[in-house]
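Asker: Need the 3D shape of this:
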Amino acid sequence: MEGWRNPTIPFAIVSATNEAVWSMASPTTSDPDNETNSSAPEQKIVTNPDFSGTPTPIAEWTQRPDFPQCALGAYVSIRGFEGVVVEIIGQSMRIVSTEGVKQRFNGDRLKTLFAPRERPQPTPEPKAPPAKQQAQPDTEEDEEEEDDDDEVVPTRQYIANPDFTAPVCAIGDYAKQADFPRCAYGKYVSIAEYAGVVVEIVKDSVRVQCESGGIRRFNAPVLRKLYSPR
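Answerer: Residues are numbered from 1 along each chain as shown. Got it, this is the predicted structure:
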């Protein structure tokens with residue numbers, strides 16, 4: 001039986017005493033118990049192993065700075081093999097299962113095998129350049145025009161009492177004229193499904209008030225482009 005490999009536990013050699021010796025360097029590693037060394041490390045033994053509870057994965061022990069000494073007497077699990085750490089000599093650990101099978105493991109090798117993996121830092125995605133804004137009619141109600149501090153604020157011309165009795169004309173009739181939007185000032189116009197009187201013109205901004213009192217602002221160059229003949 002001596003020298004027969006256990007197919008379920010890698011790197012394990014089972015001896016005639018039903019004891020598996022864990023060899024991290026080579027299968028011929030000798031048993032520290034049979035070596036005579038005047039400077040042998042201190043031997044720690046547990047005579048009455050406690051198998052109660054659930055075995056703890058060995059990875060939870062290998063992360064501690066005092067491993068393997070901290071695992072003495074612990075009920076652990078190493079890749080399917082479960083047992084209590086009953087003996088520690090230096091970095092050599094002997095573990096016995098509930099069936100009485102003993103296996104020996106090397107603490108340094110276990111640290112290497114079960115060391116936490118370092119997660120790569122995510123690469124920051126490059127920021128996309130801001131998209132160019134297209135000129136569109138401004139449909140927000142009752143919004144004042146914002147001007148630069150260095151520019152001269154034009155004189156406001158505002159119709160306080162618009163006339164809604166006049167016939168409604170399509171904005172395209174005025175947008176094709178050379179003096180648009182001035183020619184549409186005070187006119188009752190329809191823009192798409194919105195109808196109202198042009199009550200104010202500030203630069204290229206046209207404010208149109210509907211009969212219910214709501215006011216919408218439109219951009220004159222955009223209106224000219226949308227409704228003038230090509």
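
Asker: can you give me the helices in this protein?
Answerer: 59-62, 107-113, 172-175, 220-227 (DSSP state H).

Asker: pLDDT averaged over the first one - what is it?
Answerer: What helix 59-62 shows for mean pLDDT is 90.

Asker: so which of the helices of the chain comes closest to Pro68?
Answerer: Comparing these against Pro68 with C-beta to C-beta, the closest turns out to be helix 107-113 (3.7 Å). C-beta: built from backbone N, CA, C; applies to glycine.

Asker: Does anything pack onto the closest one? Which helices or strands?
Answerer: Secondary-structure packing of helix 107-113 (3 or more C-beta pairs under 8 Å, 6 or more residues apart in numbering; DSSP states H and E): helix 59-62, strand 92-96.

Asker: nearest residue to Thr54 other than its sequence neighbours?
Answerer: With sequence-adjacent residues excluded and distances taken as C-beta to C-beta, 6 or more residues apart in numbering, Thr54 is closest to Tyr75, at 7.7 Å.

Asker: Phe51 versus Ala74, what's the distance?
Answerer: Distance of Ala74 to Phe51, given as C-beta to C-beta, to the nearest Å: 11 Å.

Asker: In terms of residue numbering, what are the domains of this structure?
Answerer: Segmentation of the chain into domains, based on automatic domain parsing, reads 4-113, 169-227.

Asker: winner for burial among those?
Answerer: Most buried of the domains of the chain by mean neighbour count (mean count of other C-beta atoms under 10 Å) is domain 169-227; its value is a mean of 17.

Asker: any weak-confidence spans in the chain?
Answerer: Scanning the chain for pLDDT under 70 picks out 1-41, 117-121, 130-156, 230.

Asker: Where do the strands of the chain begin and end?
Answerer: 4-5, 12-14, 19-22, 43-45, 56-57, 75-78, 81-89, 92-96, 102-106, 169-170, 188-191, 194-202, 205-209, 215-219 (DSSP state E).

Asker: I'd like to know which of those strands is closest to Pro122.
Answerer: Closest among these, using C-beta to C-beta: strand 56-57, at 27.6 Å.

Asker: Quick check: can you name the pairing partners of that closest one and their directions?
Answerer: strand 75-78 (parallel) (DSSP bridges).

Asker: Return the alpha-carbon coordinates of the partner strand using PDB.
Answerer: The C-alpha trace of strand 75-78 is given here as PDB (Å, rounded to 0.1, in the frame of the first residue of the first chain):
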ATOM      1  CA  TYR A  75     -12.500  22.200  11.800                       C
ATOM      2  CA  VAL A  76     -11.500  23.100   8.200                       C
ATOM      3  CA  SER A  77     -12.200  22.200   4.600                       C
ATOM      4  CA  ILE A  78      -9.500  21.900   2.000                       C
END
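
Asker: Quick check: Ala184 vs Ile201, distance?
Answerer: Taken as C-beta to C-beta, the span from Ala184 to Ile201 is 8 Å.
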